[in-house]
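> whatever this is, show me its structure:
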Amino acid sequence: MQLTRLLVPTFLQTLKNLSTWLDKAAAHQQEKDANPDALVTLRLAPDMYPLAAQVRFVCFQAQEPAYRLRGEAVPPTLRSVREEGWKSNEQPGSFADAQARIAEAIAFLSGLAPDALDAGADAQIALDLPNGIVFDMTGEQYARDWCLPQFYFHAVTAYAILRNHGVPLGKPDYIAHMFAYIRPGTLPQG
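Below you'll find the predicted structure:
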């Protein structure tokens, strides 16, 4: 399996969409004469992490596989992004911070070689979670069963937080990357 061709474009298109959602959210707040930074503390449920954490987790989940699938340790600078997410209740940061994290993730992923992750498909991955649980799987299983679901969970949650709090987002915003595939003449008019 060519993991680079699966994961990197998937992560990049959703990170770019997420950045656009944040831009729309900031514009929406400004139209209401409200501070966009107020949105970073919003959440869907009281026991869920806020928007600030969701963005950080999306960025972490997009970059972590590049290290694990190449047999490298996740560097402290990337682990700190995840830790920022865990601490986002106390230190939510700003919209500018969120956009900076997204830009860092996009730049990192864009710099990977076209086959950077492919050799890791059959590698044995030991994914140890902070709560002590350890998952043993192949790189392919890790990509399919952990990376993609975790990444999408946090991206969808960020989208849902913004949508739930009045940001005018719709399905076209979530799948904006699909417009590149529209067959000419098939887009409904009006």
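> E104: what's it in contact with?
The neighbours of E104, taking Cβ atoms under 8 Å, 6 or more residues apart in numbering as the test, are C59. The way it works is simple: take the backbone N, C-alpha and C, and place the C-beta from them, glycine included.
> likewise for the one 5 residues further on?
Counting by Cβ under 8 Å, 6+ apart, L109 touches V8, F11, L12, L15, A62, Q63, A66.
> so which helix or strand takes in the second one?
Under the criterion of DSSP states H and E, F11 resides in helix 3-31.
> quick one: the strands in this protein?
For the chain, applying DSSP state E gives strands covering 124-128, 134-138.
> coming back round to it: what's the closest of the contacts of L109 to V55?
Closest approach to V55 among these (Cβ to Cβ): L15, at 9.7 Å.
> how about low-confidence regions in the protein?
When residues are selected by pLDDT under 70, those of the chain lie in 1.
> ok, and the closest non-adjacent residue to the most centrally placed residue in it?
Closest to where the C-alpha atoms of the chain average out (Cα atoms, centre = their mean) is V58, at 2.5 Å. With Cβ to Cβ, 6 or more residues apart in numbering as the criterion, V58 has its nearest non-adjacent residue at 4.5 Å, and that residue is H154.
> show me what contacts the one you found?
Neighbouring residues of H154 by Cβ under 8 Å, 6+ apart: Q54, V55, F57, V58, Q61.
> want to throw the residues you listed into JSON lines with distance to Q91?
Below are the contacts of H154 laid out as JSON lines (distance: Cβ to Cβ, whole Å):
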{"residue": "Q54", "distance to Q91": "15"}
{"residue": "V55", "distance to Q91": "13"}
{"residue": "F57", "distance to Q91": "15"}
{"residue": "V58", "distance to Q91": "18"}
{"residue": "Q61", "distance to Q91": "20"}
